[in-house]
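>>> how would this look folded up:
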Amino acid sequence: MRSNLFLKRFLLLFLVVLAHAEDSEKNPSPDDNIIFRKPSGSNECSFYCTIQPMKTEQLDISPYQNLTCTHIVYGFATINSDHRLENPTVFDKIEITGQPGNFEKIQWLKRNNPDRKILLGIDTQRLDFISSEYARSTVSKVAVESARWNGFDGLFLYVDDDRMFNSEMETFLRTLQSQTEKTRKFWNETNEIEIVYGFPAHRIGLGRTRFIKIQQYVNTFYLYSDEVPSITDPNIAISLDPLFHSGEVPREDSIAYNAELLVKSNIDREKLVIGLSTWARSYYLPEGRKNTVHNGLAAGPGKPGNRTRRKNGRLAYDEICSLSQESEWDYDSETSTVSFVQGKTWYSFNPPEHVSFERKLKWISSHGFAGIGLSSLLGDDKDAVCRKGSFPLHEYIGKEFRCKLKREKRGNTACTRMCSFDVQDSFMFNFTEFRPNWCSHIIMSSAGIEFSGALEVSSALKSALKAFNKWKTSEKPLLIISIGEDNPTDRWRFTLGQPVLRSILIQNIVQFVEENGIDGIDISWTLGKLENVVDTKIYDSFIQELRHKLEKKIMIVSVTPQTTFAHRYNVALLNSTADFILIHGHKFHSHSNLFTGHHSPLFVNSNLLQDPKMTLEGFALDWVSRGASREKLIIGFTAEGMAMVFNNFRTQQGTNIGALANTIKQRTYADGKISQSDICALKNKNQTSVRFIEDLGVPYLVHGADFIAYDDEKSIKIKSIWASLSRFGGLAFFNIEKDNIDGSCPMGNPYPLLKTIVNTQVCDSCPAFIEYTKNKTRSRCTPDFQTVCHYRLPASNSLDELDPVLIPFPHCTEVIVEEDFIGDSGEITKLVGFRNDHQKALIRAANDVDYGRLVASLKCNMSDSNFNKIMDGPENRAKLITSIRQHIDSLGFMGVELACDQLLNPSNKANFDSFLKELRTNFANPDPKQCSKTISVRIPAWTTNLNDGYETSTLNSLHHVTLDTFQVSNNQSQLVSPLFGVTGQDQPAIDSTIRSWTSSGLSPSSVVMTLPAYGILQKLSDRMALNHGIGSQTQKDFLRIISQNQICVKLMEPGISRKMNYQFVATYATSAKDDWLSFETQETITYKLQYALRQGLGGVGLMSLNEDDFSDVCKQGKYPLLETITRGKCGVTLFD
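The predicted structure follows:
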């Protein structure tokens, strides 16, 4: 009877759901586009437990009845070639035995705890099905039907595949989410089918930029913390669940780093569950070794356990506890891990009740994550063999783990980047689709002031505040309310001019700020200007009195060019009172003017300008000249364009910028305001002409009679980099609601200008760097951030030698000695003209200061065939490894840097990878407390596809990967180290190369970005060219490398013209003698260092000390570029 009822229900469910879901991908309903997954569970945090029965096991649920798990995952099902589910066991469904199956039994665990969630685990394995629309739809329907029909509360997807973060996976999750929602609505159920997305830690680097896209389709992310990048090599020992990184444990192998990296990748803390492992790890020790450490050598996985019989070295707690009781534990307090040695086997495990396990629980709890999980009940001690009760690991978590009360955190580590939007358009603005790290401050514009001293708070502002408060994210930007931006001068003057009304207004502002949890205010008397001395006096009184009442809140004052150049601001008062001075750099021209112009030009040097001060550069520098602190000046510009109408658009001259405007026919809608999406639509029309004014750094377009001044990604990039290089306090971006927020045009690219700012703005990274390192134990083997100095041994004909005794060893984490060669037979050879006495002097100078971090640079100097011959056989590789080891041992060097990229290709990739691993084994120190010899690899910037020649997992295990930024072009002017690329330019750029490398799996912390101390001198060949810029024709085969002291002498020659290219972050100069000179400056080095710190790179290098004005010819101090790097990381002066 029961079976017939279930069957009828199943058939009805299947037919109706099939009908509803058939076109779910082809024709999604409007509702599908606005459904976002909420975090699962109640306000209490989650505890995930996993039941993994054997394939032929009939489940006995009695041992699990008393567990405190909030979520139980039953699995894992798999997906077969027909896109159907293969259930975890053969006894899951009642039809097989006629008795209650495992699916029904597992639901009994809810009898004592109705709030407990039971999830069906699915191991997606290879994601072949996501490439087909039919397969995606079929798998989604089958999974949801199986979950709902069998009483599961949700689906737990375990995903570990290279395609797990691509667009097709996002489509599958959207289809799956749509299917669950349709099913819920069909059955009129209040509870949704939860979707949990489980993934291993070694996939984090692959998905950092994709989490934000898939987050909306899942309730919870589950991080398998123990599946770290280093786990891929069975002959490398890995500690179990290290909480923090150390000298032995890289950051990518630690729970804390990975969890926080996910948060920085825009996974909400309240959506992230941190999974720990019940399975201990075991490794055989190599012959002759008595111990090992994380990332130390091992001789393969240990012996299988007596119960679980796993062959991968994993042991259940009951299989290891007796061994652990007989051994002395090695507790590493730095990483919070426990290990011991028994016989010839090394073990690492999570012992319940030990301080190491307790610390992990406390850390997860205190950092506000959604909860905790354990990998498998099978790996715990069900039968109390260890005499600590049943399931001691699970019981300990149930007893001790408590979630921290979730409190909203304001403020983030972003550069000062203020984002302002007009609350009148707040209905268009959706916080849920906005990344919190895009902005350090959100400014809502604006609350008005009334003649009575009351604060005018519109319904739109109230709605915006409500939306902000409902925004669920781990770290919100600071919330700022703009005051009076839309009020004219007469209202400001009347209210502030009467002490009683001024006092009432201040009290109302204070009350509004406190009641609404606002972090600060922006005083914006900007619609009109301060017109006289009286205005200045009452404004100053207001600022002082308000500052006194709002001591602990942020105070920003907005300033305009009109009031500034009327000399109506008391600069000294604002500089000492306000936290920030916000420059409105988008009000240099009005749509109501009699002639066309740009509202936000950047540079002062243009013949188009009547008044150079009416530019961002002129305006900002004027404030600096009046005594304003650069650190307080915030450079503001807008996403909003300015629309005007030409008076005579039928002639070319009539449509140039500066031509007469027709104020009668002026656009009347929105007071000449136009959004980025509308500008985009105009640009796509054939009749539109787009022009960029390089002298001003801004674009405009002409469409018939319409003139549109605006900013685009190019101009925003230039402004952001200019402000960063100029060391101003930050940026402000007005009217973000106009920045194509719905992604309509350009299609699928919301917030294009804001994202450009985020990618190109850099700032002082020292506070974050110091906070990160202050409680970290220093390691001689793995510096927090490397400063790699290259030193070239002088040849016999060198004219300007750098004496080794002058090398500033303490300021280099290592010195790479350029450059020996690997010859055709694998022998180590020297440069022609090499002088042995210089090498001896270098070693002697290093020894005199007890510096042991010299590294030999070895360049593969052989034919392709000879290289392949050496790499092809273990004996040949062993011979080369012996030569390298003898070479560095004879010199007493710390390690080696290999430069063989020009010889690598897919056919010899595997052999070279074997060579690196064998060299790493040879270099390993048998004493785990001592540093091993280091291996680094130098790869040029133009090698964008790492996978053609390298295994990224192996590169991640090396000391570092050197990004060599030297460019080669024989017939075009070039830059020495462009940071960013430019559309239409084929010159390699550092940023695009690093993004390509990290997308291939290389960890950013493995990359050391090398910057040149030298300059490149070329001869231009086309004297008649109007613009001698980047990519100009040069004399073939004329390219000279010159030093910093030669550069400064060259720059003092008559007729030299020096320029900064902000798009590339590069400096160059041209001369009347047709010279082209490209070089780094202290400013560009500072920017690139801050970029490296922001991106989490492993360090920076300087190529080379020989070119860095070591004798102070330029009177900027010795080693000016190296000093810049040292001061940037952080606050240390190199020389007295």
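>>> Break down the stretch 851-1000 of the chain into its helices, ranges please.
Assigned by DSSP state H, counting those that start in this stretch, the stretch 851-1000 of the chain shows helices spanning 864-872, 874-891, 909-923, 952-956, 990-999.
>>> Can I get the first one in PDB? Just the C-alpha atoms.
Same thing as helix 864-872. Taking C-alpha atoms only, helix 864-872 is exported to PDB below (Å, rounded to 0.1, in the frame of the first residue of the first chain):
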ATOM      1  CA  ASP A 864      67.500  22.100 -28.500                       C
ATOM      2  CA  SER A 865      68.800  18.600 -29.400                       C
ATOM      3  CA  ASN A 866      71.500  18.600 -26.700                       C
ATOM      4  CA  PHE A 867      69.000  19.900 -24.100                       C
ATOM      5  CA  ASN A 868      66.500  17.200 -25.000                       C
ATOM      6  CA  LYS A 869      69.300  14.600 -24.800                       C
ATOM      7  CA  ILE A 870      70.300  15.700 -21.300                       C
ATOM      8  CA  MET A 871      66.700  15.700 -20.100                       C
ATOM      9  CA  ASP A 872      65.600  12.500 -21.800                       C
END
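>>> could you give the angle of that helix to helix 909-923?
50 degrees (axes from the mean of the first three to the mean of the last three CA atoms, to 10 degrees).
>>> which strands and helices sit next to helix 864-872?
helix 874-891, helix 909-923 (3 or more CB pairs under 8 Å, 6 or more residues apart in numbering; DSSP states H and E). Placement of C-beta: from N, CA and C, glycine included.
>>> tell me the most buried of those helices?
Of all those, helix 909-923 carries the top mean neighbour count, a mean of 18, counting by mean count of other CB atoms under 10 Å.
>>> mind listing the helices for the stretch 601-750 of the chain?
Assigned by DSSP H, counting those that start in this stretch, the helices in the stretch 601-750 of the chain fall at 616-625, 676-683, 713-725.
>>> looking at those helices, which is buried most?
Among the helices of the stretch 601-750 of the chain, helix 713-725 has the highest mean neighbour count (mean count of other CB under 10 Å), at a mean of 23.
>>> on contacts alone, who are the packing partners of that one?
Looks like helix 713-725 contacts helix 616-625, strand 633-638, strand 698-703, strand 730-734, helix 752-760, helix 1082-1095 (3+ CB pairs under 8 Å, 6+ apart).
>>> CSV for these, including mean pLDDT?
Listed next are the helices and strands packed on helix 713-725 as CSV, based on pLDDT from 0 to 100:
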stretch, mean pLDDT
helix 616-625, 98
strand 633-638, 98
strand 698-703, 96
strand 730-734, 98
helix 752-760, 97
helix 1082-1095, 94
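>>> between those, which one is nearest to residue 110?
Residue 110 lies closest to helix 752-760 among those, at 45.1 Å (CB to CB).
>>> who's in contact with the closest one?
414, 417, 419, 437-439, 639, 676, 711-713, 716-717, 720-721, 724, 731, 733, 736, 739-740, 746, 980, 991 (CB atoms under 8 Å, 6 or more residues apart in numbering).
>>> from those residues, which would you call buried?
If you count burial by 16 or more other CB atoms under 10 Å, the buried members of the contacts of helix 752-760 come out as 414, 417, 419, 437-439, 639, 676, 711-713, 716-717, 720-721, 724, 731, 733, 736, 739-740, 980, 991.
>>> what about the residue lying closest to residue 193 once chain neighbours are set aside, which SS state?
Using CB to CB, 6 or more residues apart in numbering and skipping the chain neighbours, the partner closest in space to residue 193 is residue 180 (4.1 Å). Per DSSP: H, G, I helix; E, B strand; the rest coil, the secondary structure class of residue 180 is helix.
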